[in-house]
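Participant: here is a sequence with its predicted model. Questions after.
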Amino acid sequence: MIKIEKKKILADYTTFKIGGPADYFVVVKTLSDLLEAWQWAKDRKKSILFLGGGSNSLISDKGFSGLVIKNEINGLEEPQEHKNYILLTAKSGEWWSSLVNYAVERGCYGAENLFLIPGTVGAAPIQNIGAYGVELKDIFYELQAFNLHTGKMEKFNNAACQFAYRQSIFKRKLKGKYFIYSVTLKLSRVPDFHLDYGDIKQVLGEKNIVRPTARQLVDAIMQIRNSKLPNPAQIPNAGSFFQNPEVSWAKLKRLQAKFPEIKSFPSKNGAKLAAGWLIEQCGFKGKPEGAVSAYEKQALILVNLGGAQAKDVLKLAKKITLAVQKKFGVKLIPEVNYIK
Ligand code: EPU
């Protein structure tokens with residue numbers, strides 16, 4: 001039995017601590033709760049917004065004029081052992097890091113670098129979360145999603161999700177059309193670590209660890225994240241506010257001639273530029289604009305210094321975008337999902 005509440009302040013449900021009221025709000029803990037909430041909205045022709053951990057969203061100050069469904073459908077299944085791999089399934093409302101931790105405990109390898117990314121399991125495929133050289137798509141097997149139009153459950157394998165850098169079909173063609181119900185990872189039975197990222201090498205090196213255990217790697221990731229990224233529980237934020245922009249090789253060469261220090265790394269169609277570096281070079285790092293600032297240790301993350309509204313964040317984001325465009329001729333694209 002679900003309980004629909006009215007005029008619920010959404011700031012309390014986002015890591016940015018920003019967002020006006022939802023006209024209607026409900027927490028779902030089971031599949032039957034979800035079906036009930038979906039039917040309720042359908043009968044009343046209300047639009048639906050799904051919220052997981054609220055860690056990648058900027059919700060407008062006027063809130064949401066429909067039904068917000070907060071996903072708390074939890075559950076970690078027993079690992080399914082196959083000859084060369086292990087399948088691990090979790091329900092979408094489960095906290096992503098609980099799944100990574102569970103994988104480590106159960107001897108399933110490959111998810112370590114994605115430890116501590118805030119948010120739920122269900123949100124992970126939508127934006128193809130990634131960190132320290134690994135993306136969800138590298139360990140993703142399939143997901144089950146509820147089609148909001150037909151009311152049927154469907155399966156999407158890795159190819160069907162059309163993953164790309166911070167992208168999937170659920171952010172493009174199928175945006176708002178499905179509710180992700182469960183996610184299955186394909187993990188390795190033997191250690192399969194990605195240790196190439198500079199920060200990982202450094203932290204393991206400092207500890208004289210050459211061949212880490214999964215737990216040691218997860219601990220190193222925790223150390224790196226804690227040293228650079230603001231903990232949303234202390235300094236509200238939604239992670240990287242912008243994506244790292246991709247440019248052609250020719251454009252990179254031109255930029256390198258003018259800015260020899262520019263930080264870039266090879267990508268599919270040329271190179272990705274470190275947006276944090278671009279923003280820092282424009283003078284925004286650690287410089288508050290009212291109640292918002294580009295974080296002092298990582299300029300790509302916009303932080304709420306206390307009492308910020310969505311309009312304050314949007315104003316700074318616009319200022320940053322214009323400054324980066326002017327100095328580098330590069331367009332920054334938001335990574336955070338803005339909900340109007
Ligand atoms: N840099 C600066 N100044 C800054 C920030 C970064 O010069 O203020 C430079 C760093 O020195 C480094 C480069 O930019 O040379 C890259 O920085 P970092 O390793 O911190 O990673 P990032 O590219 O800024 C991406 C992800 C993060 C993820 C890290 C680690 C995106 C949009 N962000 O950030 O993901 O944790 O790599 O893999 O791709 C997120 O999505 O919310 C997120 C935090």
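Facilitator: Nice, I can see it. All values reported here derive from a predicted model rather than from experimental measurement.

Participant: contacting residues around Glu72?
Facilitator: With contact set as CB atoms under 8 Å, 6 or more residues apart in numbering, Glu72 has these partners: Val27, Val28, Lys29, Gly93. (Each C-beta comes from the backbone N, C-alpha and C, glycine too.)

Participant: distance of the third one relative to the ligand?
Facilitator: Which is Lys29. 27 Å (CB to the nearest ligand atom, to the nearest Å).

Participant: next, give phi and psi for that residue.
Facilitator: phi -120, psi -10 (degrees, to the nearest 10).

Participant: report the buried members of the contacts of Glu72.
Facilitator: With burial judged by 16 or more other CB atoms under 10 Å, the buried subset of the contacts of Glu72 is Val27, Val28, Gly93.

Participant: so the first one, which state does it fall into?
Facilitator: Following DSSP: H, G, I helix; E, B strand; the rest coil, Val27 is assigned to strand.

Participant: and it, how far from Ala90?
Facilitator: Distance, Val27 to Ala90, by CB to CB, to the nearest Å: 18 Å.

Participant: tell me which helix or strand comes right after the helix or strand of the chain at the bottom of the mean pLDDT ranking.
Facilitator: Lowest by mean pLDDT, DSSP states H and E among the helices and strands of the chain is strand 264-267, with a mean of 93. Next along the chain after strand 264-267, taking DSSP states H and E as the criterion, comes strand 270-273.

Participant: next secondary structure element downstream of that following strand?
Facilitator: Downstream of strand 270-273 (by DSSP H and E), the next one is helix 275-281.

Participant: tell me what that next one is packed against?
Facilitator: Where contact means 3 or more CB pairs under 8 Å, 6 or more residues apart in numbering; DSSP states H and E, helix 275-281 is packed against strand 298-304, helix 310-328.

Participant: and the helix or strand following it, what does it pack against?
Facilitator: Using DSSP H and E, the helix or strand that follows helix 275-281 in sequence is strand 292-295. On a contact count with 3+ CB pairs under 8 Å, 6+ apart, strand 292-295 meets strand 298-304, helix 310-328.

Participant: mean confidence for strand 292-295?
Facilitator: On average, the pLDDT along strand 292-295 is 98.

Participant: hang on, the earlier thing: figure out which of the helices and strands packed on helix 275-281 is closest to the ligand.
Facilitator: Among these, the nearest to the ligand by CB to the nearest ligand atom is strand 298-304 (3.3 Å).

Participant: then the closest one to PDB, C-alphas only?
Facilitator: Taking C-alpha atoms only, strand 298-304 is exported to PDB below (Å, rounded to 0.1, in the frame of the first residue of the first chain):
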ATOM      1  CA  GLN A 298      38.000  20.300  -8.100                       C
ATOM      2  CA  ALA A 299      36.600  23.100 -10.300                       C
ATOM      3  CA  LEU A 300      34.300  20.800 -12.200                       C
ATOM      4  CA  ILE A 301      32.100  20.400  -9.200                       C
ATOM      5  CA  LEU A 302      29.800  23.200  -8.300                       C
ATOM      6  CA  VAL A 303      29.000  23.300  -4.600                       C
ATOM      7  CA  ASN A 304      26.100  24.700  -2.600                       C
END
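
Participant: in its sheet, what does that strand sit against?
Facilitator: strand 237-240 (antiparallel), strand 292-295 (antiparallel) (DSSP bridges).

Participant: what residue in the stretch 51-200 of the chain comes nearest to the ligand?
Facilitator: Ala131 (3.9 Å).

Participant: kindly report the residues of the stretch 151-300 of the chain close to the ligand.
Facilitator: Residues of the stretch 151-300 of the chain lying close to the ligand by CB under 6 Å from any ligand atom are 228, 239-240, 243-244, 263, 274, 276-277, 280, 285, 298-300.
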